[in-house]
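K.L.:
What follows is a predicted structure for the sequence shown.
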Amino acid sequence: MSLDTKTTASPALSEDYLSRGRRLTREIDPYLPGLTRTTAASMVNVPPHRVAKLSSNENPLGPSPKVLQAIADMNWLVHEYPSPSAEELRKTIGTYLGVGADQVVVSSGSSTLMHAIVDAFSLPGGEVISLDPGFTVYPEIATIHGRTAKVIPLNEDDFLLDIEVLKKAITPATQIIFLTRPNNPTSTMIPIEVFAEAAKLAAEVGALIVSDEAYIEFADMPGQSAVELLKSDPETYKNVMFSRTCSKAFGVANMRVGYAVALPEVAECLALANAKWPTGAVAQAAAIAAIEDTEHLAKTLAMVAQGRKYLIDELNAMGLPVAPNPQGNYVMFDIAPTGLSAEEFSDKVFHDAAVLIRGDFSPRYIRASIGTPEENQRLVVAARKLAPKA
Ligand SMILES: Cc1ncc(COP(=O)(O)O)c(C=O)c1O
């Protein structure tokens, strides 16, 4: 082993550890996750189960009973290391999507995997493009890793992507493009045809394009997943990757399981950048049980579809327009007609009805998850008190 003691450090390298760390406090505006149920309950003095937690887009039905059994069955192995490659889970995911297990990389949540995606497929100084309004974790991760974060606006009316806007944003320095489909917080779906066009633009500069499909199970538009491109024309779409999660439709957010899918040679690179033991055995078993319980998934999707229609109809009727054609298990609506700021609106709904929604990402838009029928109704009743048309 050679001890290479280079002394030509850049100014940044000559700073101390804390100055390097403090770069992050200056450069990052961190994504704030929603409150936990217990914290929220203590803030409004109600028992935790009384909070309608419509703030983190979780499964309104909770986990499948088969998941709880699978977790209990793993108790005796808690002191041992899990499979680092999660092969059983990767096979289950492969069967679910009709792809090879060698195309799947698993981690403790898809947001964790985004660090590895940035590490593996871009270099310091490279550009990482994402959407606005959008999931701000991508620019945050890009900045942490010393990449240049670039966010491009969605259309103001339909919250979809104008491909010309993306085309203008792409430069020879563009290395990764994250498109969220359905998008968070707008709940709108960039159609697969537009994503395919974006993939071709990315390929021209040698960039990877990632379709973040955390919510795609809830979409009622068929054939929207990037898996269709990887299956139908892998040569043209070899720069395509998509990520999914078990935190939403599969109801195991607390187990922390997400994954990415790409061609095998791309997945192999991502696996090398991934954490060494990226998920625990309990989490892997829970995720397998969740994916295999197709009945629980069907019940979840039916509940979300019904609740989504109810919220769209009610919110529109009370003069709080919902962003068009929502496809996730949440809706984004405009509360400007109330004369309140989004923060004031969400605070009032929380303190009046113990309904927790997100009003902290925009001055005028609220994001609310689809809950149980009772929770959705509580949101409607509370919103109606503030709305222009009661
Ligand atoms: C668009 C999007 N992608 C990814 C995630 C993170 O999911 P995970 O729980 O798999 O980290 C979220 C979480 O809210 C999300 O909204």
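P.N.:
Nice, I can see it.
K.L.:
what ranges do the strands span in the stretch 201-350 of the chain?
P.N.:
With strands called from DSSP state E, counting those that start in this stretch, the stretch 201-350 of the chain shows them at 208-212, 240-245, 258-261, 330-334.
K.L.:
Now do the first one: which elements does it pack against?
P.N.:
It refers to strand 208-212. Applying 3 or more CB pairs under 8 Å, 6 or more residues apart in numbering; DSSP states H and E, one finds that strand 208-212 makes contact with helix 110-121, strand 174-180, helix 192-204, strand 240-245. The C-beta positions use only the backbone N, C-alpha and C, and glycine is treated the same way.
K.L.:
The stretch 101-250 of the chain against the ligand: which residues are in contact?
P.N.:
Taking CB under 6 Å from any ligand atom as the contact definition, the stretch 101-250 of the chain meets the ligand at 109-111, 135, 180, 184, 212, 214, 245, 247.
K.L.:
For the longest helix along the chain, buried residues please.
P.N.:
Ranked by residue count and defined by DSSP state H, the top helix of the chain is helix 294-317. For helix 294-317, a neighbour-count test (16 or more other CB atoms under 10 Å) marks 296-297, 300-301, 303-304, 307-308, 310-312, 314-315 as buried.
K.L.:
again, but for stretch 177-197
P.N.:
For stretch 177-197, the neighbour count (16+ other CB under 10 Å) marks 177-190, 192, 194-196 as buried.
K.L.:
ok, back up a step: any chance of TSV for the strands of the stretch 201-350 of the chain, columns mean pLDDT and mean neighbour count?
P.N.:
Shown next, in TSV, are the strands of the stretch 201-350 of the chain (pLDDT from 0 to 100; neighbours: other CB atoms under 10 Å):
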stretch	mean pLDDT	mean neighbour count
strand 208-212	98	28
strand 240-245	98	26
strand 258-261	98	26
strand 330-334	98	24
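K.L.:
Dump those strands into a markdown table; add distance to residue 386 as well.
P.N.:
Listed next are the strands of the stretch 201-350 of the chain as a markdown table, based on distance: least, CB to CB, whole Å:
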| stretch | distance to residue 386 |
| --- | --- |
| strand 208-212 | 32 |
| strand 240-245 | 32 |
| strand 258-261 | 36 |
| strand 330-334 | 12 |
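K.L.:
closest one to residue 80 among those strands?
P.N.:
strand 258-261 (22.4 Å; CB to CB).
K.L.:
So which residues make contact with the closest one?
P.N.:
89-90, 93, 97, 99, 103-113, 117, 210, 214, 227, 230, 241-247, 267, 270 (CB atoms under 8 Å, 6 or more residues apart in numbering).
K.L.:
Which stretch among the strands of the stretch 201-350 of the chain approaches residue 340 most closely?
P.N.:
Residue 340 lies closest to strand 330-334 among these, at 11.5 Å (CB to CB).
K.L.:
which other helices and strands contact the closest one?
P.N.:
Judged by 3+ CB pairs under 8 Å, 6+ apart, strand 330-334 is in contact with helix 294-317, strand 365-369.
K.L.:
Any idea which of these gets closest to residue 121?
P.N.:
It's strand 365-369; of the helices and strands packed on strand 330-334, that one is closest to residue 121 (CB to CB) at 29.2 Å.
K.L.:
Now the element after that closest one, going C-ward?
P.N.:
helix 373-384 (DSSP states H and E).
K.L.:
Please give me every residue in contact with residue 195.
P.N.:
Residues near residue 195 by CB under 8 Å, 6+ apart: 179, 181, 209, 211, 226, 229.
K.L.:
Show me what residue 209 bridges to in the sheet.
P.N.:
The bridge-partner assignment for residue 209, based on DSSP bridges, gives residue 177, residue 240.
K.L.:
Could you report the separation of it from residue 315?
P.N.:
As judged by CB to CB, to the nearest Å, residue 209 and residue 315 stand 33 Å apart.
K.L.:
try residue 75
P.N.:
Distance, residue 75 to residue 315, using CB to CB: 44 Å.
K.L.:
what sits against residue 297?
P.N.:
217, 249-250, 290.
K.L.:
Run through the residues that contact the closest residue to residue 293 other than its chain neighbours.
P.N.:
Using CB to CB, 6 or more residues apart in numbering and skipping residues adjacent in sequence, the residue nearest residue 293 is residue 64, 4.1 Å away. Shown in contact with residue 64 (CB under 8 Å, 6+ apart): 251, 289-290, 293, 296.
K.L.:
Could I get the contacting residues of residue 302?
P.N.:
Residue 302 makes no contacts at all, as judged by CB under 8 Å, 6+ apart.
K.L.:
out of the contacts of residue 64, who's nearest the ligand?
P.N.:
residue 251 (11.5 Å; CB to the nearest ligand atom).
K.L.:
isn't that closest one right up against residue 57?
P.N.:
No. In this structure, residue 251 is not within contact of residue 57 by CB atoms under 8 Å, at 11.4 Å.
K.L.:
what's residue 122 sitting at in phi/psi?
P.N.:
Main-chain torsions, residue 122, degrees, to the nearest 10: phi -140, psi 170.
K.L.:
quick thing: my sequence starts at 25, can you match it?
P.N.:
Happy to do that; since the first residue is 25 now, the last one works out to residue 146.
K.L.:
so it makes contact with residue 200?
P.N.:
Yes. Between residue 146 and residue 200 a contact is recorded at 5.1 Å, counting by CB under 8 Å.
K.L.:
on that earlier part again, how about the contacts of residue 219 in TSV, adding distance to residue 388?
P.N.:
Formatted as TSV, those follow (distance: CB to CB, whole Å):
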residue	distance to residue 388
203	24
205	24
233	30
235	28
250	31
253	35
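K.L.:
Alright, calling it a day.
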